[in-house]
Each structure stands twice: as C-alpha cells, then as structure tokens.
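Asker: Fold the following and give me the result.
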Amino acid sequence: MRLVIGFLGEQAQFGWWPTAFFESSSKLFLAPVLPKTLRLAQYHGVVEAARRLHDEHLNLGSFHLFRLPEEVEQDLHCLVQGTEGDGSIAEMLQSRAAALDALQRLTAADAPGSVGPIAVGPIATLNQTDTLQQIAAAYWSAFSQGAKTYPYLVP
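Answerer: Below you'll find the predicted structure:
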C-alpha cells in the first residue's frame with residue numbers, strides 16, 4: 001500500500017509531494033549507484049517525502065501510513081527489500097490507472113472515503129484488515145476526487 005500511494009502522490013501522478021522517484025529519469029540515475037536496491041531507494045525516498053507532508057497536517061505523536069512504530073518500519077524495510085525484481089509490483093507502478101486499480105482492490109466495498117485528516121483508530125489495530133481497508137479507501141477516494149487526505153492512527 002505504501003508503494004502504491006507513494007507512487008500516486010508523486011509529481012507526475014497527483015503531485016502531493018514534489019518527487020519523481022518512480023520516473024524513468026530517476027531510475028536512470030539510481031540504478032548505476034544502487035543496482036541491487038533500486039526499489040528500496042525509491043521506497044525510502046517517497047516514504048520520506050510523504051512523511052513530511054503528512055506530519056505537516058497531523059498532530060505530533062499520531063501515526064500514519066508513512067510514520068509507524070519503529071519495529072513496523074523495520075519489518076516494512078525488510079519486506080520491500082525482499083521484493084526487488086518482483087514483476088507484480090512493477091506492474092502496479094507502471095501507470096496512474098494501474099496504481100489506482102491496485103489501491104481500489106485494497107479497499108472494502110463499503111468503506112467510505114474522506115478528505116483531510118481522519119482518525120481510523122488506535123495504532124494497535126494497524127494489522128487488522130478493516131483498518132488497512134479504511135486507510136486504502138481514504139486515499140483512493142481522495143485521489144479519485146482530486147483532494148488530499150491524511151488518515152491517522154492514535155497511540
């Protein structure tokens with residue numbers, strides 16, 4: 001979900017943050033320097049850009065998709081590191097339409113969308129399907145409406 005939303009938030013898609021980590025020009029720059037960890041570099045770059053935007057709009061101490069507890073951050077790093085060369089992820093990130101479709105598949109059929117900051121529950125519920133579907137639905141709805149949303153979790 002982070003990769004898809006990170007891709008959609010970039011300048012060439014919806015312009016929520018001024019980055020281009022998933023553009024071909026960025027790949028040409030990063031690949032010679034980081035040939036075995038290109039996706040990981042893209043991931044960390046876009047996560048940091050998204051983290052800054054979300055932190056500007058949310059209260060200090062709240063968690064969001066791009067600022068999670070340290071142990072979760074470490075787990076996600078390892079997960080992304082293990083996806084280098086995974087073609088299914090590359091397919092999801094090849095176009096705005098493909099990424100939106102992938103994000104929509106992560107939402108619940110009846111999950112409402114939202115705009116602006118929205119509390120989705122306590123951080124302890126992060127691993128629950130309902131919570132993840134609500135977060136995905138909020139982003140999908142905002143991208144579809146041309147708006148911005150900042151779903152967050154409380155400690």
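
Asker: In stretch 25-41, which residues are buried?
Answerer: Of the residues in stretch 25-41, 26, 30, 38-41 count as buried by neighbour count, 16 or more other C-beta atoms under 10 Å. Yep, even glycine has a C-beta here, placed from its N, CA and C like the rest.

Asker: Output these as a markdown table; include the columns pLDDT and secondary structure.
Answerer: Shown next, in a markdown table, are those (pLDDT from 0 to 100; DSSP: H, G, I helix; E, B strand; the rest coil):
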| residue | pLDDT | secondary structure |
| --- | --- | --- |
| Ser26 | 79 | helix |
| Leu30 | 80 | helix |
| Leu38 | 80 | helix |
| Arg39 | 82 | helix |
| Leu40 | 88 | helix |
| Ala41 | 88 | helix |
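
Asker: What is the most widely separated pair among these?
Answerer: Largest separation among those by C-beta to C-beta: Ser26 and Leu40, giving 13.5 Å.

Asker: Quick one: find the helix or strand in this structure with the lowest mean pLDDT.
Answerer: helix 24-33 (a mean of 76; mean pLDDT, DSSP states H and E).

Asker: what's that one in contact with?
Answerer: Residues outside helix 24-33 that contact it (C-beta atoms under 8 Å, 6 or more residues apart in numbering): 20-21, 38, 41-42.

Asker: what's Met92 in contact with, if anything?
Answerer: 3-4, 7, 98-99, 102.

Asker: Leaving out sequence neighbours, find the closest residue to Asp126.
Answerer: If you look again at residue 126, you'll see it is Leu, not Asp. Of all residues not flanking Leu126 in the chain, Leu153 sits nearest, at 6.3 Å (C-beta to C-beta, 6 or more residues apart in numbering).

Asker: List the buried residues in the strand or helix carrying that neighbour.
Answerer: Take DSSP states H and E as the rule and Leu153 turns out to sit in strand 149-154. Buried positions in strand 149-154, judged by neighbour count with 16+ other C-beta under 10 Å: 149-153.

Asker: on that earlier part again, kindly state the beta-bridge partners for the residue nearest to Leu126.
Answerer: Counting by DSSP bridges, Leu153 forms beta bridges with Phe63, Gly121.

Asker: what about it, distance to Gly6?
Answerer: Remark: distance between Leu153 and Gly6 (C-beta to C-beta, to the nearest Å) = 18 Å.
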